[in-house]
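[1] Can you look at this prediction? I've put the sequence above it.
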Amino acid sequence: MTLRLLLLLFATLVTATAAPAAAKDKAETVEGGKHWRLDTRRGPLHVWVPPGYDRATAGIVVHVHGYNTDVDDAWTRQRLARQFRQSGQNAMFLVPQSPKGNDDPVRWPSVEALVSTVRGAGLRVPRGAEVLVGHSGAFRSLAAWLGDRRVRQVILLDALYGLDDVFRDYVERGGRLVLVSQGTLARAEKFLHGVRGVVMRHRVPLRFAELTKKERRARVLHLVSQYGHAAIMDEGKVLPVVLRLAPLRPL
């Protein structure tokens, strides 16, 4: 094989596997923070950091959308940047393309794959705690990522539709879990039976300050939602509150 052919083959492989380039030049201001939409081999990936963001003390929040939508629709329709900002948390927020139905495969093999793609786009990623958040069908992606030891908390927004053993193992290993239940209430109650240290509240508070100290410190907190399954995300009143429970620094 000639040197020219080898170089051509190498260039082709790099092009096929490379992450998006020059992301810093594509930043736009959204909700006062910086937003990038990266085109990747696994679909669009939205990255957002809030105003006042401090990378030195920030963590990472990965938010996964549910079924019957895609990441661009969820980003816009659910006003995710606004919900992230209202949480008041110092974090880099990653919102990847995820399965739109049972037949759609999990797009990203790990959180590290997401982080590597963001780094490859020229963005500096914080080293703080990783928090996984997902609505509805997001449970499949989140369950696939629980092997990452840096995951400090999982927040399931009416998303316990399967893979219960994986999430139970995470809890038994000492992982922190917030369950918001509406359509999944019966399954969540069965899942939590026998789990130590569960604190339950029969309503999602409008403000974080309404949560008791016991609820804030609970390793497993179960919130029964007064909002419907879709409204949990569409109303924009749940995510800003539960994100305050994450082991992140406030802005």
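    In hand now; what should we look at?

[2] Find the nearest non-adjacent residue to residue 55, please.
    residue 126 (4.9 Å; Cβ to Cβ, 6 or more residues apart in numbering). For every residue, glycine as well, the C-beta is placed using N, CA and C.

[3] Which is the succeeding secondary structure element to the least confident helix or strand in the chain by mean pLDDT?
    Ranking every helix and strand in the chain by mean pLDDT, DSSP states H and E puts helix 3-17 at the bottom, with a mean of 36. Toward the C-terminal end, the helix or strand that comes next after helix 3-17 (DSSP states H and E) is strand 28-30.

[4] going on from that next one, what's the next piece of helix or strand?
    Sequence-wise, the next helix or strand downstream of strand 28-30 (DSSP H and E) is strand 33-40.

[5] partner strands of that following strand, parallel or antiparallel?
    Strand 33-40 has its sheet partners listed here by DSSP bridges as strand 28-30 (antiparallel), strand 43-49 (antiparallel).

[6] The residue nearest to residue 80 when sequence neighbours are not counted in helix, strand or coil?
    Spatial nearest neighbour of residue 80, chain neighbours left out: residue 95 (6.1 Å); criterion: Cβ to Cβ, 6+ apart. Of the three states, residue 95 takes strand under DSSP: H, G, I helix; E, B strand; the rest coil.

[7] residue ranges with poor pLDDT in the stretch 101-250 of the chain?
    Within the stretch 101-250 of the chain, not a single segment meets pLDDT under 70.

[8] tell me which element the residue nearest to residue 55 is part of?
    Counting by DSSP H and E, residue 126 is part of no helix or strand.

[9] Doesn't residue 81 belong to a helix?
    Yes. Counting by three-state DSSP, residue 81 is part of a helix.

[10] what about it, distance to residue 166?
    According to Cβ to Cβ, to the nearest Å, residue 81 and residue 166 sit 30 Å apart.

[11] what does residue 94 give?
    21 Å.

[12] Settle it for me: which of the two has more neighbours?
    Counted by other Cβ atoms under 10 Å, residue 94 and residue 166 do not tie: residue 94 has more neighbours, with 23 against 15.

[13] right, and the more buried one touches residue 46 too?
    Yes. The criterion here is Cβ atoms under 8 Å, and residue 94 meets it with residue 46 at 7.4 Å.

[14] And for residue 33, the neighbour number?
    18.

[15] want to throw the strands paired with strand 33-40 into CSV with mean pLDDT?
    Formatted as CSV, these follow (pLDDT from 0 to 100):
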stretch, mean pLDDT
strand 28-30, 97
strand 43-49, 98
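
[16] Residue 200 sits in which helix or strand?
    strand 198-201.
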